[in-house]
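Student: Next comes the sequence, and after it the predicted model I'd like to discuss.
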Amino acid sequence: MSTKPEAISLPVAQEMVDQWIKTIGVRYFSELTNMAILTEEVGELARIMARKYGDQSFKKSDEKYEMADEMADVLWVLICLANQTGVDLNKAFINNVEKKTKRDENRHQNNPKLK
């Protein structure tokens, strides 16, 4: 009986998705299809956010959606796209944080809207 890991790294997540696709999913959908699916999944997350934190009220049909699950769906499809296009998400994320840190070093501290 396998146990669920409590935490995983991005490289492990990319490998888990790749193994699942190759053993259970048969093959990756095309990049364009996965981009459309990613958009759909972000829309499902946006639906929950608009109802939970925004001005819209929940409908009976919204009960099937769970925010954490929708976020995981977004991450899953993003990982699929990264795997398909050869993007190392770990490296990309580290580089992105570095870029934002350099670019925004004082930007947010000097924004009166955030104080």
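Tutor: Happy to help now that I have it. Residues are numbered from 1 along each chain as shown.
Student: what are the ranges of the helices in the protein?
Tutor: Taking DSSP state H, the helices of the chain run over residues 10-23, 31-52, 67-85, 89-103.
Student: Now do the last one, average pLDDT.
Tutor: This means helix 89-103. For helix 89-103, the mean per-residue pLDDT is 96.
Student: which other helices and strands contact that helix?
Tutor: helix 10-23, helix 67-85 (3 or more Cβ pairs under 8 Å, 6 or more residues apart in numbering; DSSP states H and E). Every residue, glycine included, has its C-beta placed from N, CA and C.
Student: Quick one: closest of these to residue 92.
Tutor: For the helices and strands packed on helix 89-103, the distance to residue 92 is smallest for helix 67-85, at 7.7 Å, taking Cβ to Cβ.
Student: what bits of the protein have low per-residue confidence?
Tutor: For the chain, applying pLDDT under 70 flags the ranges 1-2.
Student: Name the residue closest to the centre of it, please.
Tutor: The chain has residue 75 as the residue nearest its centroid, 2.7 Å off, counting by Cα atoms, centre = their mean.
Student: That one and residue 89: what is the separation?
Tutor: Between residue 75 and residue 89 the computed distance is 10 Å (Cβ to Cβ, to the nearest Å).
Student: for residue 26, same thing?
Tutor: Using Cβ to Cβ, one gets 23 Å for the distance from residue 26 to residue 89.
Student: Those two: which is more packed in?
Tutor: Regarding residue 26 and residue 89, a neighbour count based on other Cβ atoms under 10 Å identifies residue 89 as having more, with 19 against 8.
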